[in-house]
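S.K.: Build the 3D model from these lines:
(chains A and B)
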Number of protein chains: 2
Amino acid sequence: MEINMKRLQRRFYEMASIGSTENEGVHRLALSDQDKIARDTFIDWSKQAGFLVRIDDFGNIYVRKEGTASKKPIVIGSHLDTVPKGGKYDGSLGVLAGFEILESLLEIEPLETPVEVVVFTNEEGARFPNPMLGSGAISGVFSKQHVYDMVDDDGITFESELERIGYKGDKANRLKEFEAFFELHIEQGPVLEQQGLPIGLVKGIQGLSWHTVQFTGESDHAGTTPISYRRDPMQSAAKAIMRIGEWVENLGDETLVTFGKISSLPNTINVIPSEVTFSMDIRHPNKKVLLRRIETAKTLIREVALEDDTQSLCEDLSLMLPVLFDESLIDLLQSSCQQHGIGYHEMFSGAGHDAMYMNNLGPTVMLFSPSVNGKSHCEEEETSWEDIEKSVKVLGESVVRLASSVR
Amino acid sequence: MEINMKRLQRRFYEMASIGSTENEGVHRLALSDQDKIARDTFIDWSKQAGFLVRIDDFGNIYVRKEGTASKKPIVIGSHLDTVPKGGKYDGSLGVLAGFEILESLLEIEPLETPVEVVVFTNEEGARFPNPMLGSGAISGVFSKQHVYDMVDDDGITFESELERIGYKGDKANRLKEFEAFFELHIEQGPVLEQQGLPIGLVKGIQGLSWHTVQFTGESDHAGTTPISYRRDPMQSAAKAIMRIGEWVENLGDETLVTFGKISSLPNTINVIPSEVTFSMDIRHPNKKVLLRRIETAKTLIREVALEDDTQSLCEDLSLMLPVLFDESLIDLLQSSCQQHGIGYHEMFSGAGHDAMYMNNLGPTVMLFSPSVNGKSHCEEEETSWEDIEKSVKVLGESVVRLASSVR
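M.R.: As a prediction, this is how the structure comes out:
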């Protein structure tokens, strides 16, 4: 099977023009007018190519190339919505790579196994709050009522927007089972670029744990309270952030910790704070290790409070356990890479993707293309066509090989 | 001369009842209706006792006991305004102690030197933004226009409120020169209580320098950016706050440093911040040392940025050089303490007071009474009457001794 890169690029840039921003980004929020145009365009292409199109009750679009036998489909999918002022590659790359493979399959001997390309609704969670909404809904994570009643910042419901843009389809059309689910996505991080490797074979998605940490001390006058009399929660917060940061750095493994938010009370230049609060985001691809890391971080926090005679509180906000993708699909991608002499890096995804929820329904795997400067969710988001070509080739090859091996 | 503690307490609690709060605090903002009642009450007492009362063009009130000779007055003063939901002692103690001494002087042989008690307007800066406004205005720090045009949060000007409550007096009435200025004030810190000493002899007011420190790094996805690829300004901020904190703690001298405000951008739980900004308040009673401390702190900040490959910026917001009080007045207070066998602690004030600006006009000194639990600017503010008695006795004794020695 031969991938037609010119055709893929033509479709890619046409899609990127829908909701394009001044600085060559894309602003295409889920179920917006721009999203409708993108969906309509994609369906036009599909119908012109003679594929079957169906839409489910969450607006997920399925484009199907029938197989010569009655078998579970091989599915390739991603999303077409973007974050506000996002990039051209996030989501679109996976959808259009899948579509290019579908079109290329028309040019070879028909496969027994049907192949589908799916466009999931509201992956970004940028308009309606839950990310990966369409894939989560059909895999039983979210109830239909929850999804339909979800509102955007203007109080408009998911259901009313779905109806307005004409994408409220049938429950019967949902994807229920598949032979394999593949998602090609941009990495959104710097690893592949730094390693000089064009493909990431994604073994799974990191587990993630969110916390709010609060140190409480004694608020006093900055000018009249000698250092030795202070119980300063700002010093405790600084110590905890630094110690946890250094501990994770010294581990040198896949543990990630991020302190994104911070605030103090009363937040006054000449008053020792009574309270300093910050967020803690801990990630690791292994469940047992993740849980151990969380405990160690909490211990370090308590130790600082003990040393400083302040009080600490570590509230758990949410815990998402790691997801492991299908090993035989990883082997398949690996062997396709090797066959083409294309280098790859085995890695975990740091972000959530539709594939995470598809993993609940059947064998799933992802591959990553390198992000220039590790940037994503911004107008500068970029991936080289040289790298994309390698990923699409490996993905197409893997689909064909899998289809041939299915009995 | 005999201090009448019962009379002082009676007046003190009557004054505390004006603007009293539910929790035994006082809410009496400058030039408010409550401030007018406090002023009127104080002037009633003064006239009943036969003292001369004059009011200057900033609403500062002067109550004068004439001397038998034409000499520069000895002045005792403080303020009657409070912060919102403040305490009974801050300001009032100094005014009413001075008034008690004035009344007690009526009971001894007349002094050649006139003695005045002054009530300064808007010391707290809680209603009109500049603290120590009345004392700063008559000592040439603030221009009359600046003071008059100052507005409160409701846009009401200082001048209109001064007129409304009937306290816009004559420029000719301003205090211009004096033999000595004394201010008795609560410590507002924990030192005297912890040392078990009833009087603080205040050698001066610490210098103070305010800064905004900003670390800038690279905002990235918390899940996709390995630790070793990060340029995280939160880690730099934590490191700088902790290192400067530890350095100052190890100095073990009078240096104070406080980080009261902190914030991050974009302030999102799963995003490595692009920017973390915090305030830095550095204090020391010695000018040269203060300037050296500021330089060292800035060096530590730059070092962290270098180590972390982040950028740092340290913006200077304001610098108030230390103030040194009159040495012969400190000696006088000291000798009065010794004569009565009262223990004292020589110290610097960490907060600004009207005495700071009076120091521009003539020989000035302060004494502190211990604050229970170091608390002030709150309803729980307290000082024991046992301690107050000692301070008033030493202050009265010092006034009499100074008056006798003036030629």
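
S.K.: Quick check, pLDDT for A:S318.
M.R.: On pLDDT, A:S318 comes in at 87.

S.K.: my bad, should have said A:R407
M.R.: pLDDT recorded at A:R407 is 63.

S.K.: what do you get for A:G169?
M.R.: 98.

S.K.: Whichever residue of the stretch 301-407 of chain A sits closest to chain B: neighbour count?
M.R.: Nearest residue of the stretch 301-407 of chain A to chain B: A:G350, at 2.9 Å (C-beta to the nearest C-beta). The C-beta positions use only the backbone N, C-alpha and C, and glycine is treated the same way. Residues within reach of A:G350, counting by other C-beta atoms under 10 Å in any protein chain shown, total 24.

S.K.: I'd say it and B:I227 touch.
M.R.: No: the criterion here is C-beta atoms under 8 Å, and A:G350 misses it with B:I227 at 11.6 Å.

S.K.: Now the common contact residues for those two.
M.R.: A:L256 (C-beta atoms under 8 Å, 6 or more residues apart in numbering or on different chains).

S.K.: circling back to that earlier point, what's the pLDDT at the residue nearest to the residue of the stretch 301-407 of chain A closest to chain B when sequence neighbours are not counted?
M.R.: Nearest residue to A:G350, sequence neighbours excluded (C-beta to C-beta, 6 or more residues apart in numbering or on different chains): B:G223, at 2.9 Å. Per-residue pLDDT puts B:G223 at 92.

S.K.: What separation is there between B:G223 and A:P322?
M.R.: Distance, B:G223 to A:P322, using C-beta to C-beta, to the nearest Å: 12 Å.

S.K.: Any chance you could list residues touching both of these two?
M.R.: Joint contacts of B:G223 and A:P322 (C-beta under 8 Å, 6+ apart) are A:Q206.

S.K.: Tell me how many other residues surround the residue of the stretch 1-150 of chain A found nearest chain B.
M.R.: Nearest to chain B in the stretch 1-150 of chain A, going by C-beta to the nearest C-beta, is A:P131, at a distance of 10.8 Å. Residues lying near A:P131 (other C-beta under 10 Å) number 18.

S.K.: cool, A:I186 as well?
M.R.: Residues near A:I186, counting by other C-beta under 10 Å: 30.

S.K.: and it, what is it in contact with?
M.R.: A:89-90, A:93, A:368-371, A:376, A:381, A:383.

S.K.: Give me every residue in the stretch 251-400 of chain A lying close to chain B.
M.R.: Contact residues, the stretch 251-400 of chain A versus chain B (C-beta under 8 Å from any C-beta of the partner chain): A:254-264, A:266-273, A:276, A:279, A:281, A:283, A:317, A:349-351, A:374, A:376-377.

S.K.: which of those residues are buried?
M.R.: A:254-264, A:268-273, A:276, A:279, A:281, A:283, A:349-351, A:374, A:376-377 (16 or more other C-beta atoms under 10 Å in any protein chain shown).

S.K.: Low-confidence stretches in chain A?
M.R.: Applying pLDDT under 70 to chain A picks out residues A:407.

S.K.: Quickly find the element holding the nearest residue to A:V83 once chain neighbours are set aside.
M.R.: Take A:V83 and drop its neighbours on the chain: the residue closest to it by C-beta to C-beta, 6+ apart is A:A126, 4.4 Å away. Counting by DSSP states H and E, no helix or strand carries A:A126.

S.K.: what do you get for the one 4 residues further on?
M.R.: In this structure, A:N130 sits in neither a helix nor a strand according to DSSP H and E.

S.K.: Next secondary structure after whatever helix or strand A:E116 lives in?
M.R.: In this structure, A:E116 is located in strand A:115-120 according to DSSP H and E. Later in the chain than strand A:115-120, the nearest helix or strand by DSSP H and E is helix A:133-138.

S.K.: Please enumerate residues in contact with that next one?
M.R.: For helix A:133-138, contacts defined as C-beta under 8 Å, 6+ apart pick out A:30, A:56, A:58-60, A:77, A:79, A:120-123, A:125, A:130, A:142, A:144, A:147, A:150, A:158, A:174-176, A:354-358, A:361.

S.K.: Measure how buried the residue nearest to A:V83 is and give me the count.
M.R.: A:A126: 19 neighbours (other C-beta under 10 Å).

S.K.: A:T82 is in contact with that one, correct?
M.R.: Yes: if you go by C-beta under 8 Å, A:A126 and A:T82 touch, sitting 7.3 Å apart.

S.K.: Overlap in contacts, those two.
M.R.: Between them, A:A126 and A:T82 share the contacting residues A:L29, judged by C-beta under 8 Å, 6+ apart.

S.K.: for the stretch 51-200 of chain A, what spans make up the helices?
M.R.: In the stretch 51-200 of chain A, the helices defined using DSSP state H, counting those that start in this stretch lie at A:92-105, A:133-138, A:144-149, A:158-164, A:191-195.

S.K.: mind checking which of those helices is nearest B:Q9?
M.R.: Closest approach to B:Q9 among the helices of the stretch 51-200 of chain A is made by helix A:144-149 (65.6 Å; C-beta to C-beta).

S.K.: roughly how far apart are whatever residue is furthest in space from the centre of chain A and B:H377?
M.R.: Centroid-distance maximum for chain A: A:T224 at 50.8 Å, with C-alpha atoms, centre = their mean. As judged by C-beta to C-beta, A:T224 and B:H377 stand 10 Å apart.

S.K.: So which residues of chain A form strands?
M.R.: A:52-55, A:61-65, A:74-79, A:115-120, A:180-186, A:199-205, A:207-216, A:256-258, A:262-265, A:275-284, A:311-320, A:323-324, A:344-349, A:364-369 (DSSP state E).

S.K.: so which of the ones you listed comes closest to A:K393?
M.R.: Closest to A:K393 of those is strand A:199-205 (C-beta to C-beta; 9.7 Å).

S.K.: Alpha carbons of the closest one, in PDB - could you do that?
M.R.: Output of strand A:199-205 as PDB, limited to C-alpha atoms (Å, rounded to 0.1, in the frame of the first residue of the first chain):
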ATOM      1  CA  ILE A 199       8.000   7.900  16.100                       C
ATOM      2  CA  GLY A 200       6.900   7.300  19.600                       C
ATOM      3  CA  LEU A 201       5.400   3.900  20.300                       C
ATOM      4  CA  VAL A 202       3.000   4.700  23.200                       C
ATOM      5  CA  LYS A 203       2.900   1.900  25.800                       C
ATOM      6  CA  GLY A 204       0.200   3.500  27.800                       C
ATOM      7  CA  ILE A 205      -0.900   6.700  29.500                       C
END
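
S.K.: domain assignment for chain A?
M.R.: Chain A breaks down by automatic domain parsing into domains covering A:5-205+A:322-405, A:207-320.

S.K.: distance between the ends of the first one?
M.R.: Looking back up the chat, that one is domain A:5-205+A:322-405. 26 Å (C-alpha to C-alpha, to the nearest Å).

S.K.: again, but for stretch A:249-259
M.R.: Using C-alpha to C-alpha, the two ends of stretch A:249-259 sit 14 Å apart.

S.K.: List of residues touching it?
M.R.: Contact with stretch A:249-259 is made by A:206, A:241, A:244-245, A:248, A:278-286, A:289, A:293, A:297, A:348, A:350, B:222-223, B:225-228, B:232, B:234-235, B:238, B:269-273, as judged by C-beta under 8 Å, 6+ apart.

S.K.: which stretch among the domains of chain A comes nearest B:K168?
M.R.: domain A:207-320 (31.2 Å).

S.K.: Could you pick out the residues of the stretch 51-200 of chain A near chain B for me?
M.R.: Checking the stretch 51-200 of chain A against chain B by C-beta under 8 Å from any C-beta, the hits are A:187-191, A:194.

S.K.: ChimeraX command for the buried members of the residues you listed?
M.R.: Buried residues within those, by 16+ other C-beta under 10 Å, are selected in ChimeraX with:
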select /A:187,188,189,190,191
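
S.K.: Kind regards, and thank you for your time.
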